[in-house]
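**Student:** All I have is the shape, not the residue letters:
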């Protein structure tokens, strides 16, 4: 079957809106570290709502999420493959740490990049980290799906996701979040409905393990492997999506307080969206609930108590792939920090991904 090539504008919307979801959920650290969705929504209303916002520094910078997502995207945009790509990813992750003033990178990303030795043989490997469960690998991985969107690309997508994720988050809960977001990007590029994405993720996990079990640290990874898949199976069963393509059975979660309670129940330590398993989960829930409506997508993915910039990055980027920039108020993206780089990376990824083979 011939694959339909998405328009380059869909890639541009994915990259730009991933930055919008980040800047909105971050708000210079004020909302990323706020534990109360109702408080965030009250503050947004006092600002005049989404339509009144102009997302640009200094009040609305992008966080470490977009800086590291750009590092991934621009490394992939070089067209390098294999060992050379992994070295380039490591180099760019280390370099990105020079642009973290006021962006609040997570401690696991800081530790991981400090352990990388790009340019040395195997310098992109770091030791297993029993605490490396955070979402720092997930939030920077949508571009991997944009680079490897075709069905035949799946083995490469999984390998690059795992290996790039392990550069900072060498724990299955951390780097499998990268696999999830990359896969969602590939499926979105192919216009697969989000109702199918979770089942596709479960089918991909054995392929990810087939790669991980070749690593020297496989025994340590095996000990911690089960949580990610178990959490996702439980979520999909609760939404009627474990064995069917929907429609999803979503609880109403009509307000910010209800969403905070639901998201917190999925989280490790109660911090919604903080971990590699639940950041993509919050994003998928928001996509399923919001459909083609931009404002509800933001309310559910970027304006909740917890790690709202990371879930906003993932959800808004995926939403852009499906629905484009047209429905989004221009003030949210026209002056976004690093917008030209996001657009340039999107165009290059599209050209590489869909070149005739």
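**Tutor:** Arrived safely. Model, not experiment: these values are computed from the prediction.
**Student:** do you know how far residue 236 is from residue 287?
**Tutor:** 14 Å (C-beta to C-beta, to the nearest Å). Bear in mind the C-beta positions are built from the backbone N, C-alpha and C, glycine included.
**Student:** and residue 106, what does it touch?
**Tutor:** Residues in contact with residue 106 (C-beta atoms under 8 Å, 6 or more residues apart in numbering) are 64, 134, 136.
**Student:** Does residue 103 touch residue 68 like I think?
**Tutor:** No. Here residue 103 lies out of contact with residue 68, judged by C-beta atoms under 8 Å, at a distance of 9.4 Å.
**Student:** Tell me which of those two has more neighbours.
**Tutor:** Higher neighbour count among residue 103 and residue 68: residue 68, with 28 against 21, using other C-beta atoms under 10 Å.
**Student:** And for the more buried one, nearest residue in space, chain neighbours not counted?
**Tutor:** Excluding its sequence neighbours, the residue lying closest to residue 68 (C-beta to C-beta, 6 or more residues apart in numbering) is residue 140, at 4.1 Å.
**Student:** Could you report the separation of the one you found from residue 238?
**Tutor:** Distance from residue 140 to residue 238, counting by C-beta to C-beta: 28 Å.
**Student:** the more surrounded of these two?
**Tutor:** Under the criterion of other C-beta under 10 Å, the comparison of residue 140 against residue 238 puts residue 140 first, with 34 against 15.
**Student:** per-residue confidence at the more buried one?
**Tutor:** Note on residue 140: pLDDT of 98.
**Student:** coming back round to it: of the contacts of residue 106, grab the buried ones for PyMOL.
**Tutor:** Of the contacts of residue 106, the buried ones go into a single PyMOL selection, burial set by 16 or more other C-beta atoms under 10 Å:
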select buried, resi 64+134+136
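**Student:** Residue 313 belongs to a strand?
**Tutor:** No. Residue 313 is assigned helix when assessed by DSSP: H, G, I helix; E, B strand; the rest coil, not a strand.
**Student:** For it, list the residues it contacts.
**Tutor:** Neighbouring residues of residue 313 by C-beta under 8 Å, 6+ apart: 18-19, 21-22, 25, 65-66, 69, 139, 142.
**Student:** Also residue 136?
**Tutor:** Shown in contact with residue 136 (C-beta under 8 Å, 6+ apart): 64, 68, 105-106, 108-109, 112, 168-169, 174, 310.
**Student:** Check residue 155 too.
**Tutor:** Counting by C-beta under 8 Å, 6+ apart, residue 155 touches residue 207.
**Student:** Tell me how far it lies from residue 211.
**Tutor:** According to C-beta to C-beta, residue 155 and residue 211 sit 8 Å apart.
**Student:** just residue 353 next, same as before
**Tutor:** Separation of residue 353 from residue 211 (C-beta to C-beta): 21 Å.
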